[in-house]
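In: need a structure here:
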Amino acid sequence: MLLEQGGVSPLLRPANIDEDALIASLGGTAPADVVAALARAKADAIAPGHPDDVVIGCDSMLLLDGELLGKPHTVEATIERWRAQRGRTAHLLTGHAATYRGEWVQHTVRTAIQFGDVSDTDIEAYARSGQPLECAGAFTLEALGSWFIDSIDGDPTSVIGLSMPFLRRALYQFGLDASAFWD
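Out: Modelled structure (predicted):
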């Protein structure tokens, strides 16, 4: 969505990596490095098949009370997460890895999320909508989630999933211009 709104028609390829196994292998690694490793693994899985393309991998996790939280996957886990994070500030860490012709640029973007003090009824309705089940931190800024985020401090595009400022800087490091990718 972000790329399309930015004038780019991306080619999307799922990386199909075992995220849980990779996270387990990184025990004791700093949270920002965990999400960067996930992003790199995703890009690395796709890059060999696209040697002349810019390949980008991203992954996000919510850092709350020192614990990295990924996708809740179930309604029950979503409700539990929202009860723990409502009315609080947490940090969404979005790891980015971009590669082009063997060069790599990696960065983790940290954005503070102020969650609203949401009622139990709204938490349950949001969880049952299915929208937050496959989202890091069990929320989105767009769609129904927009009701429940009071503010963010940082890059809003990284919260949606891809930091456009990161991508612009990565393209420049590769000697490319963002406008060259516009349709």
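In: so is the residue most central in space within the chain in a helix, a strand, or just coil?
Out: What sits nearest the mean C-alpha location of the chain, by Cα atoms, centre = their mean, is Ser60, with 3.2 Å. Put simply, Ser60 is strand when judged by DSSP: H, G, I helix; E, B strand; the rest coil.
In: and it, how far is that from Ser119?
Out: Taking Cβ to Cβ, to the nearest Å as the measure, Ser60 falls 26 Å from Ser119. C-betas here are computed from N, CA, C, even on glycine.
In: do the same with Ala41
Out: Following Cβ to Cβ, the distance that separates Ala41 from Ser119 is 38 Å.
In: quick one, which of those two is more surrounded?
Out: Each of Ala41 and Ser119 has its neighbours counted (other Cβ atoms under 10 Å); Ala41 has more, 18 against 11.
In: Spit out the contact partners of that one.
Out: By Cβ atoms under 8 Å, 6 or more residues apart in numbering, the contact set of Ala41 is 15, 17, 22, 57.
In: most neighbours, which of the residues you listed?
Out: Neighbour max across these (other Cβ under 10 Å) = Gly57, 23 neighbours.
In: Of all the residues in stretch 121-128, which ones are buried?
Out: For stretch 121-128, the neighbour count (16 or more other Cβ atoms under 10 Å) marks 123-124, 126-127 as buried.
In: Stretch 106-122 too?
Out: Neighbour counts over stretch 106-122 (16+ other Cβ under 10 Å) mark 106-111, 113, 115-116, 118 as buried.
In: Can you tell me which of those is nearest Tyr100?
Out: Minimum distance to Tyr100 across those is 12.8 Å, recorded for Gln106 (Cβ to Cβ).
In: part of a helix, is the closest one?
Out: No. Gln106: not assigned to a helix; according to three-state DSSP it is strand.
In: so it sits right up against Ala37, yeah?
Out: No. Using Cβ atoms under 8 Å, Gln106 is not in contact with Ala37, being 9.1 Å away.
In: If Leu69 is in a bridge, with which residues?
Out: For Leu69, the beta-bridge partners under DSSP bridges are Leu62.
In: give me the number of residues near it?
Out: By the criterion of other Cβ under 10 Å, Leu69 has 19 neighbours.
In: The one 4 residues further on now?
Out: His73: 11 surrounding residues under other Cβ under 10 Å.
In: For the nearest residue to Ala47 once chain neighbours are set aside, grab the count of nearby residues.
Out: Take Ala47 and drop its neighbours on the chain: the residue closest to it by Cβ to Cβ, 6 or more residues apart in numbering is Val55, 4.5 Å away. For Val55, the count of nearby residues is 22 (other Cβ under 10 Å).
In: Look up phi and psi at Val55.
Out: The phi and psi torsions at Val55 (degrees, to the nearest 10) take the values phi -120, psi 130.
In: Fine, thanks again, bye for now.
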